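**Student:** Fold the following and give me the result.
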Amino acid sequence: MRKLAAVAALALTAVLVTSCRPEAVCPAIAQAPVVSLTVDREYAPSVKTIHLLACQDGRCKEADLELVPGSVAVDQGCKPGPSGLDGVCSATSSPDGTLTGMLMMETLTANRIEVTATGTSNTGAPLPARTAAFTPRVAHPFGEQCGSFITAHAVLDAAGLRPSP
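**Tutor:** Numbering: from 1, shown residues only. A predicted model of the protein is given here:
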């Protein structure tokens, strides 16, 4: 009987020890493979339409972008919590004069991408074709163990097309 109790205690200890190991918890968040574009606020009033072409790893995707007004987050502060720490915090968005759009890709990798923007002005005249080649950003916001988030974002203004700073 003592051997059975000892084996049971050892088995229970093994289960408890292995279940207490810290494991990486990764959020179940999927990232859309998009190339995003911001039309600078000084240039936005003269833009009517944008057509974006993006090529990466020998594959290209293009479409007319649905342009929507851009915005910035405005911090509205935090109310004190019950123990003096921050309680409820809030923010609101405010238009910033830009236009934004996204081109959905089949996949987006960390390899160099070439993006070309064309379109029409508010007068109906064609906008000059602008091209930028850059390497998308790779981030690990939830740690290396949770995979990477790859973003490709470009800014269009009167001077041309460039990767987002």
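**Student:** model confidence over the strand or helix carrying residue 130, on average?
**Tutor:** Using DSSP states H and E, residue 130 sits within strand 126-134. For strand 126-134, the mean per-residue pLDDT is 97.
**Student:** Quick check: mean pLDDT of the next helix or strand after that strand?
**Tutor:** Scanning forward in sequence from strand 126-134 by DSSP H and E, the next helix or strand is strand 137-139. Throughout strand 137-139, pLDDT has a mean value of 93.
**Student:** Same check on stretch 65-83?
**Tutor:** Computed over stretch 65-83, the average pLDDT equals 89.
**Student:** how far does it sit from the chain's center?
**Tutor:** Stretch 65-83 has its C-alpha centroid displaced from the chain centroid by 17 Å (CA atoms, centre = their mean, to the nearest Å).
**Student:** Now do the contacts for the residue nearest the centre of the chain.
**Tutor:** By CA atoms, centre = their mean, the mean C-alpha position of the chain lies nearest to residue 151, the distance being 5.4 Å. Counting by CB atoms under 8 Å, 6 or more residues apart in numbering, residue 151 touches 36, 136, 137, 139. Bear in mind the C-beta positions are built from the backbone N, C-alpha and C, glycine included.
**Student:** and which of these is nearest residue 94?
**Tutor:** Using CB to CB, residue 36 comes nearest to residue 94 of those, at 19.2 Å.
**Student:** Would you mind confirming that residue 64 is in contact with residue 50?
**Tutor:** Yes. Assessed by CB atoms under 8 Å, residue 64 is found in contact with residue 50 at 7.2 Å.
**Student:** Would you mind telling me which of the two has the busier surroundings?
**Tutor:** residue 50 (21 against 13; other CB atoms under 10 Å).
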